[in-house]
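> One predicted model, sequence on top.
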Amino acid sequence: MMMLQHGSTQLLCLTASSGVPLFTRGASKQLPFSVIGSLNGVHMFGAGHGVVLSSCETEGGGKVVWRVFQDSMMLIVVSGGGQDGAGDSKEDEVRLQRLLENVWSCMVLVLGQDELTNVRNVERLKRDLRSCFSLIDQLLEDRQEGILGNLTHCADSLLPPNPTLLQEALDGFTQAADSEFGCLIVHGRIAAATEKWWRLAPPEVVLLSALIRSLSASGSASCDYPVFLPQGSPTVAHRLLRFQLLPGADVCVLCGPTPSLHSAESGMVGRFWTPLVETLRDCLAVGEHSLPRSVSLRPDVLALLLINRETRRSVSCVRTSTNRPLGDPPLPSKARCWEILKLFYIFSTTRYFNQEETLCVSPEERAQRANTDDFVLGFSHQPLQCYLVTEECKSYGLQTPQHQLFLLAPLSVPTFALRTVATQTLSDIVGATGF
Amino acid sequence: MLTRGNNNNMAQVSPSSGSIIVADWHRCKDSKEYFSKILHKKRRKNFGLLESPVMPPHVAVDTVHYKIFLSGKSGVGKTALAARLAGLNIPNMHYETTGIETTVVYWPVKLRENGRVLFFRLQLWDCGENALRRFDHLLPACKEQVDAVLFLFSFTDRTSFDDLSNQIAKWTGAPVGRVVKLVVGTKFDLFMHCDVAERDVRNFQETWSVPVLRVGGEVSDGLGDVASLLNCLAEHLWHQDCVSARRHSQQETGTVL
């Protein structure tokens, strides 16, 4: 059966108890009502027989993943499959599972858990759910290059050249706003955050970054957004105040009833940040590389994703102008490198490395989903390094107690040299930045 | 002391267009050096909160700050209007604004009286109707120290036009104080789907004596399509400031006597 066009993804949301459709997003051509009904029906049939249907594959390479949240809402995602090189079905399933988790979190973020779990009036809920569409569509499109947090649940970070100055200003600003939760986002990545911000659950940090990115993209100057924290505060809303200091650089605080947006903006923004305009501009100049110039990467590194397993932060970059000797095979494009980086991350974490399970799933659910291959469970030891050579490039993964590094290199690099390239890159970055 | 009631009289004497500031000044040659400061590569420049248009030191230009609230039914085009006035990308899909978003517009204006040039810094406050209903603290935040309200209706949605009187009534209560009120009809270009007749608009304008402006259609060079609205808004704001300044000085004299 081929339900959707190749490469397209559709999301369905229904009430779990009665199967009333609440909304659908994604894919230009909506699935017919009868198909939606059957998808819900087959899950219900399983449940009636004590079976939880979590995913299935179609002959045409499509994939369906079901998930019920808080016994109240059913999310189903249907993928047309065959996305240009989207790996095999394992990679696809991990991606779709993550998508469902993220969609649910963003529904809680905007509406709060109470409204989603105690449904009194379905029509009203349908109308209120529209407030989540902007974020949900952003998750479905997943088009932002260089943002991997939605997948890794590690905060995409940017390492500024002058971290101390920014940190001091941020701490002072946050305190003046009667808050302990503050963060500075540059090019959509966290450049500085208060200690408390880092203590939010990692998926929340990622979700807030996504919200701030979408608000920032509109070009507006400031915002006062009510937000619920899916894990920290699912029933009481906080206020997210966001100020665009310079285009591309936003400072945010999470606070209670005070201060008002107007007073924070007129009384505090200028006082704390005007002295730092140049520092902020330097930070913007770091750009998409997310690493300061003091870090010199080996020329044979095409792209990398480095995760700090303890702090749940990540930095990543794809390099554009690697000089290619004549006669070498062409290098994958920038967009393709980001795509391969994601696929290699899923490949390594499902097959070899520990998946750092974030806390948003209960242990029972985790067992149900079992993303980790039986293959891994069969090992008597924990693999520390892995590599993969494809027609496009070579990939190398490396795991230490503190870090995970995923690295792409051109085909011209001999396979035996990959380990050296990776270990040296890791020590180059950690040595220069203390990441 | 003046009674508050006088201030809120809907039949405010509004300045006639072009009587206080130079209309279409953006087309004049002498405005070039000012307008160039709000443009970047022929597009409108997006200013962060730490930035503002910078003039050379010998040309001193004062900047006057105003807070403007956009009021109107969900889907009427508040966010799109803010983006249009600021020269930002207009979202091609309608999404609800689920909190307050503010947009800053810098606009140079030349006063007719003395040829003085001012930069108007207009901060537009936009808040989704559903969010206003769900969270009580948002409307008071929007009303705090507000200088003007733009009441929006859509030419393609009759109910949004019929709702205007309700919307305006909310802002004539005593605590609001002196606020400039203008009505803006959006999606004026979609005449095929027009749901509000020209006659209705005229009647409305006479009953309420509130100016009605129209927007819609192509976004051109980023100045021409917004100039009339921004000039009109600036004119009303400046007029209001002059009136209250005069009143204030009269009051002062009274105290001295």
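Looks like it came in fine.
> pLDDT weak spots in the stretch 301-435 of chain A?
Along the stretch 301-435 of chain A, segments meeting pLDDT under 70 span A:321-327, A:354-379.
> in it, which spans are strands?
For the stretch 301-435 of chain A, strands defined by DSSP state E, counting those that start in this stretch occupy the ranges A:303-308, A:313-318, A:385-389, A:394-399, A:403-409.
> try the stretch 151-257 of chain B
Using DSSP E, counting those that start in this stretch, strands in the stretch 151-257 of chain B cover B:180-186, B:212-214.
> could you dump the first one to CSV, C-alpha only?
Taking only C-alpha atoms (Å, rounded to 0.1, in the frame of the first residue of the first chain), the coordinates of strand B:180-186 have been written out as CSV:
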residue,chain,number,x,y,z
VAL,B,180,-5.2,57.8,19.4
LYS,B,181,-7.7,55.5,17.6
LEU,B,182,-7.5,54.5,14.0
VAL,B,183,-9.3,51.9,12.0
VAL,B,184,-7.5,49.8,9.4
GLY,B,185,-9.2,47.6,6.9
THR,B,186,-6.9,44.8,5.7
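> what's that strand packed up against?
Under the contact criterion of 3 or more CB pairs under 8 Å, 6 or more residues apart in numbering or on different chains; DSSP states H and E, strand B:180-186 touches helix B:78-86, strand B:148-154, helix B:198-208, strand B:212-214, helix B:224-256. Yep, even glycine has a C-beta here, placed from its N, CA and C like the rest.
> what's the offset of it from the middle of its chain?
Offset of strand B:180-186 from its chain centre (CA atoms, centre = their mean, to the nearest Å): 8 Å.
> now swap in the last one and tell me
Here the centre of strand B:212-214 is set off from its chain's centre by 11 Å, with CA atoms, centre = their mean.
> just to revisit the earlier point, do you know which of the strands of the stretch 301-435 of chain A lies nearest residue B:246?
strand A:313-318 (58.4 Å; CB to CB).
> Phi and psi next, for residue A:391.
phi -70, psi -20 (degrees, to the nearest 10).
> Report the separation between it and residue B:69.
When distance is defined by CB to CB, to the nearest Å, residue A:391 is 58 Å away from residue B:69.
> At the contact with chain B, which residues of chain A appear?
A:110, A:127-128, A:130-131, A:133-134, A:137, A:215, A:218-226, A:237, A:239-240, A:243-247, A:249, A:257, A:260-262, A:265, A:269-270, A:273-274, A:277, A:280 (CB under 8 Å from any CB of the partner chain).
> returning to what we had before: make JSON lines out of the strands of the stretch 151-257 of chain B and add mean neighbour count and mean pLDDT.
Converted to JSON lines, these look like this (neighbours: other CB atoms under 10 Å in any protein chain shown; pLDDT from 0 to 100):
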{"stretch": "strand B:180-186", "mean neighbour count": "23", "mean pLDDT": "92"}
{"stretch": "strand B:212-214", "mean neighbour count": "16", "mean pLDDT": "89"}
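> taking the mean pLDDT, what do you get for stretch B:16-29?
Average pLDDT, stretch B:16-29: 87.
> List phi and psi for the residue nearest to residue A:200 when sequence neighbours are not counted.
In space, and not counting its chain neighbours, residue A:200 is closest to residue A:232: 6.1 Å by CB to CB, 6 or more residues apart in numbering or on different chains. With angles defined as degrees, to the nearest 10, residue A:232 sits at phi -80, psi -30.
> Could you report the separation of residue A:232 from residue B:240?
Computed as CB to CB, the residue A:232 to residue B:240 distance reads 45 Å.
> Also residue A:154?
According to CB to CB, residue A:154 stands 52 Å off from residue B:240.
> which one of those two has more residues nearby?
Higher neighbour count among residue A:154 and residue B:240: residue A:154, with 26 against 19, using other CB atoms under 10 Å in any protein chain shown.
> Okay, that one and residue B:77: tell me how far apart.
Distance from residue A:154 to residue B:77, by CB to CB: 39 Å.
> okay, now residue 20: neighbour count?
In the absence of a named chain, chain A is used. Residues near residue A:20, counting by other CB under 10 Å: 15.
> nope, chain B
Applying other CB under 10 Å, we find 19 residues neighbouring residue B:20.
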